[in-house]
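Trainee: using only what follows, build the 3D model:
(chains A, B and C)
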Amino acid sequence: MNIGFTLNGRTVRVEVGPSERLLDVLRERLGLTGTKEGCGEGECGACSIIMNGMLVNSCLIPAFQADNSKIETIEGVVETAIGKAIVDSFAECGAVQCGFCTPGFVVAGAALFRENPDPTEEDVRVALSGNLCRCTGYSKLVEGVLIAARKLKERK
Amino acid sequence: MAVGKSVVRVDARSKATGKAVYVADMFMPGMLIGKVLRSEFPRGKIVRLDVKKARSIHGVHAVLTADDIPGKNVCHVVFEDMPLLATGEVRYVGEPIALIAAETEAAAQLAIEAVELDIEPLGILIDPEKYNSPDSPILFGEDNIFAHHKIRRGDIENAFAQSDTIIERVYRTTYQEHAYLETQGMLAVPTAEGGIDVYGTMQCPFYVHGAVSDVTGLAQSRVRIVQTTTGGAFGGKEDVPSLVAGWASVLALAAKRPVKLILGRTEDFVSMSKRHPSRVEVKLGATKDGKLTAAGIDILFDGGAYATLSPVVLWRGTVHSCGPYRIPAVRVDARAVATNKVPCGAYRGFGSPQTLFAIESAIDELAEKIGMDPVRIREINHLRRGDETVTGQKLGESVGLQECLERAITESDYYNLREKLHGRNGPVKRGVGISTIFYGVGLGAGGTHFARSGAYVGIQPDGSVQFAVGTTEMGQGMRTVLGQIVAEAFGIPFERVYCLPVDSSRVPDSGPTVASRATTMSGRAILVACSTLKGNLAGVIAPEWGVSPKAITFGENCAFRTDNPAKRISWNDLVERAFAQKVVLTIVGYDSSPPTSWDEDSGQGDAYVIYAWAVNVAQVAVDTRTGVVRVEKLWAAHDVGKAINPTLVEGQIEGGSVQGLGYALTEEYIIDKNGIPMNPRLSFYHIPTTVDAPEIHPIIVESAYSEGPFGAKGFGEQPLMGIAPAVANAVFDAAGIRLREQPFLPERVWPKLKKGAR
Amino acid sequence: MLRITKVYRPDNIDEALNIFDDNPGIRPIAGGTDLIIQLSDSLESAMLLDVSRIEKLKKINITGGKLFIGAAATHSSIAKSRKVIESAPLIAESSGIMGGPAIRNRATIGGNVANASPVAESLPTLIAHAAEIVLVSANGLRKMPVEDFHLAPGKTALQSGELILGFEIPVVSEDFFGFYNRLGSRAAVTITKVGVALASIKSGDRLGNVRIALSAVAPRVIRAPETEKIMSGANLDDGLIEQAAKKLVSECTPITDFRSTSEYRSDMVGQLFRMGFGRETPQN
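Mentor: Now for the predicted structure:
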């Protein structure tokens, strides 16, 4: 099937088979390897992307469903002011360890800010609850998202 | 000053932006996909294995069985009992039988399904406690025992006879899965000149190096191992990556193409190593005023189908089994036994979380029987400088346990907190628990032959410095910490230093990245290299200043006369002059660990060169209606010698604590009585999420270790180790029930609450 | 590995029903959060009918005193919908705790019900709210109570050629009283070990029209008719709650599996029930 969608602001067209997952199309066909596969069943959030403005797990999406959609991956998110702010605060407060989950957390944080630019700690914890991290114990990831929110607010 | 500062990790941005390259992110022209056909039986005879059909599938380039392995069919760990691919008999569900390399995932999968395989089931041994039952099959040696370790100290019978109070209890723990977010994976690339390059996720490149040479039959000189960005390990990428690299390598050589083999999550769960399930029986004696008199401990670890690391994991568990206490009479017997289940191996703590859960729970049970506060009994008995451990080792320096205890008690406001929490009414009971633990840093007497390290340090013509070590970055922050050590040694800014990826062709065998040893061991090798290079640099300017090179100090981006700091030359100018004079500015430093000693029969000796110490205080809420235990707050005090990078130290404390929390409360990997894994996926094996993690207060204690770089000692494993007993002790404080079986699932807590069981 | 042989992506119901007729055995997919996992684990190939482009299936609206939730409405759209929160609060609640945020953005209520798991998050709340499932086929519309739709684990009353159109739920009155309490294996992104939903009308100290649905304590999500009878019209006091809790426990037949034990599940039914009357949500 020939599908077309907006990927990080650019229009792309690809030929996909009915059994291809969006995750694999992004990683293997379009070269965007910042989106990771951790479990293949929507449990870990390493494959988080934003599809039509919503946070989703790309490992559970058949590629054909991406037709006519708007997709943002970590590669696009980090080019936005929100993405940059999250990356900066993650770096500064020590929220990154092995890094395999981190792009997913950046994407989940960015998706949260679009809905709720002024989240409480509880809001952040709930918004990130579908993303597993085995290294950090989450304290610094949550702190990082809260700091990014504050910085973005001050900038306005 | 670079050391002691929380500089931003070198890899933070590349990882957060998704640019860092993990092995699954690598693609090569002609690259094939590798897959493994695995046993669905816990034990059986392979009566038929025919791969003809599989080989004929379109897009399939290689289908290999044990007969096709060009080198030795073995994965050497401690013994050589585990094959790369099963021959004759399979011994656990998930054991590899055949390998496939194909152009696509789909073709590889179809080939797996096309292999004609018949397995005739054989009798199984699943319950480790039945290892010596006459009905059980013999899976290893003559008695199913992989290893038996002992500690014999003092007159144990007499000591118990003299004790005022004695308790005897049994504690049990189950598997823990590492659940690193990146599953195991390797990319093997045949070279044009008949060698092989292997890229992948790993902790121990030199183990992989040896293993690939063994199974391919290639000389070690033609094998190169490169570690890719590693997405978590926690011990889970110590020995098993040798298997994955072996599979990818033999496939690549057979197919004459690069082969990428990445395990799926369920496959990783089923076939890769786990923390050993355990049964630990503890008998403790004390005087009526709370002084420990005797400890008799019997340890049984479920090793799984092959020995792998069990003997050494058990050894660490044995050495730590009596806790950080002075005990005059001790008898410990520890056995690791074979079962028809996945081989267990290394996991953060390496055998000590099991025995520490037992002893730290038992100490509280003993205190309760005597009528003493849990903190008080620890104050009376814990190890101090000058004391002897139960293995007869005299503690000379860096014994920060007392300070850890004092600070954890003060910062948690332990006594007031307890009183306040006990004062509340209602069905949700709250309480506080404590654990005091220690950790032998480095490989110790159990692994002296690996206790070495190398570091390449090269000063570049522009004055920047690159270095490489043989230990690995797996998320803990090693590249950053070692960069700080290099910067500090030369007195130059951290930003001028860069750590290269690990490549087995660049540095000498540095042993494994395990046992919390990377900072100390690679740090020491770096300092050896830096010291030689500083001597070489000083030699350039010393004649001009009329002093010996030894009278020159490096710092503030300069070299200067120690007795007259105004006499100085900038780092860059000095490096430029050194290059002009053709002075050697690139070398490899090499170091080996200070000595240890051990007597296997008595279990006496200097087990480890140095110990790290920790105290955890946990505040829990127990819902007496549902049995659900929630950890609300944790205080974790860790003596790390010196925090080279305090933010990274906090990161280890917080992350390890939450892994320990999962171990305590929710993580249960189940292999049923027929040897079948029940929940090999992340949706059924519950690691903590953002909303499960408690408020954590890391407390850094610095009791310097004179042999460590700038006083540092390793501690990365320790944060996990004391959480389960602290939580169990807190549950007792809150609700008066004693949990002796981990994890503390509501299904285990609730029946005890109902009975009011102690 | 997925083995999908063919995919259809209709824009409207009629088109979808035609495809159904021409392709027996074709499986509807919307968010795919359950189906893709099932298909990945399976060796069988499948044809898919993607209903995610049919706008009508995503609708949430109120007509004639009834709330309609389209089968392809996502859990996050349901949890955030004012209409659902006000008209069928327990349904909004169960959609709000199902899976994680990314799953809620894709998973649909129709998929949750079609999957027919005894631990499905939306089934107990739909049943407590007396929801009817609306099915459409070439023969027209068919409605039935949701509790009659779920037959056994993985089995529903859906006939071949039928598509779930959505759910019709009576809008609750101002004197609605109800709760949905469940226990999982951790605080978020967890499958329900045991769940209790209760919907009723409260007048003074009495409850009327009591409907109770229990999940994970029987092969399917069940009602508790005897407990409902005890409660309806009786004076709501501690004694009644205690009596009803005991009866409720006797009405379920939980099993022991790797997620929990039958003893624990039984007792928790009563505990979650009692907590609901204290307006308490259990810690997980």
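
Trainee: which residues of the stretch 151-300 of chain B fall in strands?
Mentor: Assigned by DSSP state E, counting those that start in this stretch, the strands in the stretch 151-300 of chain B fall at B:165-173, B:185-190, B:196-200, B:223-227, B:259-262, B:278-286, B:292-304.

Trainee: for the stretch 1-150 of chain C, same thing?
Mentor: Taking DSSP E, counting those that start in this stretch, the strands of the stretch 1-150 of chain C run over residues C:4-8, C:27-29, C:46-50, C:60-63, C:66-70, C:132-137, C:140-145, C:150-152.

Trainee: which of those sits closest to residue A:82?
Mentor: Residue A:82 lies closest to strand C:60-63 among the strands of the stretch 1-150 of chain C, at 29.0 Å (Cβ to Cβ). Every residue, glycine included, has its C-beta placed from N, CA and C.

Trainee: pLDDT of that closest one, averaged?
Mentor: Taken as a whole, strand C:60-63 has an average pLDDT of 97.

Trainee: returning to what we had before: make JSON lines out of the strands of the stretch 151-300 of chain B and add mean neighbour count, distance to chain C and mean pLDDT.
Mentor: Formatted as JSON lines, those follow (neighbours: other Cβ atoms under 10 Å in any protein chain shown; distance: least, Cβ to the nearest Cβ, whole Å; pLDDT from 0 to 100):
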{"stretch": "strand B:165-173", "mean neighbour count": "18", "distance to chain C": "17", "mean pLDDT": "98"}
{"stretch": "strand B:185-190", "mean neighbour count": "26", "distance to chain C": "17", "mean pLDDT": "98"}
{"stretch": "strand B:196-200", "mean neighbour count": "25", "distance to chain C": "23", "mean pLDDT": "98"}
{"stretch": "strand B:223-227", "mean neighbour count": "24", "distance to chain C": "29", "mean pLDDT": "98"}
{"stretch": "strand B:259-262", "mean neighbour count": "27", "distance to chain C": "14", "mean pLDDT": "98"}
{"stretch": "strand B:278-286", "mean neighbour count": "23", "distance to chain C": "20", "mean pLDDT": "98"}
{"stretch": "strand B:292-304", "mean neighbour count": "25", "distance to chain C": "18", "mean pLDDT": "98"}
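
Trainee: list the contacts of the residue in the stretch 351-500 of chain B positioned nearest to chain C.
Mentor: Here the stretch 351-500 of chain B gets closest to chain C at one residue, residue B:428, 7.3 Å apart by Cβ to the nearest Cβ. Residues in contact with residue B:428 (Cβ atoms under 8 Å, 6 or more residues apart in numbering or on different chains) are B:621-624, C:283.

Trainee: coming back round to it: could I get the strands of the stretch 1-150 of chain C as TSV with distance to chain B?
Mentor: What follows is these, written out as TSV (distance: least, Cβ to the nearest Cβ, whole Å):
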stretch	distance to chain B
strand C:4-8	11
strand C:27-29	19
strand C:46-50	15
strand C:60-63	27
strand C:66-70	26
strand C:132-137	27
strand C:140-145	30
strand C:150-152	21
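
Trainee: of those strands, which is nearest residue B:436?
Mentor: strand C:150-152 (52.8 Å).

Trainee: give me the contact list for that closest one.
Mentor: Residues contacting strand C:150-152 (Cβ under 8 Å, 6+ apart): C:113, C:116, C:120, C:123, C:156-157, C:219-221.

Trainee: look at the closest residue to residue B:181 other than its chain neighbours and report its pLDDT.
Mentor: Nearest residue to residue B:181 in three dimensions, chain neighbours excluded: residue A:100, at 4.1 Å (Cβ to Cβ, 6 or more residues apart in numbering or on different chains). pLDDT, residue A:100: 98.

Trainee: what is the neighbour count of residue A:100?
Mentor: Neighbours of residue A:100 under the rule other Cβ atoms under 10 Å in any protein chain shown: 30.

Trainee: check residue B:600 too.
Mentor: Using other Cβ under 10 Å, residue B:600 has 12 neighbouring residues.

Trainee: who's in contact with whatever residue of chain C ends up closest to chain A?
Mentor: Residue nearest to chain A within chain C: residue C:100 (2.2 Å; Cβ to the nearest Cβ). By Cβ under 8 Å, 6+ apart, the contact list for residue C:100 reads A:42, A:45, A:129-131, B:689, C:188-189.
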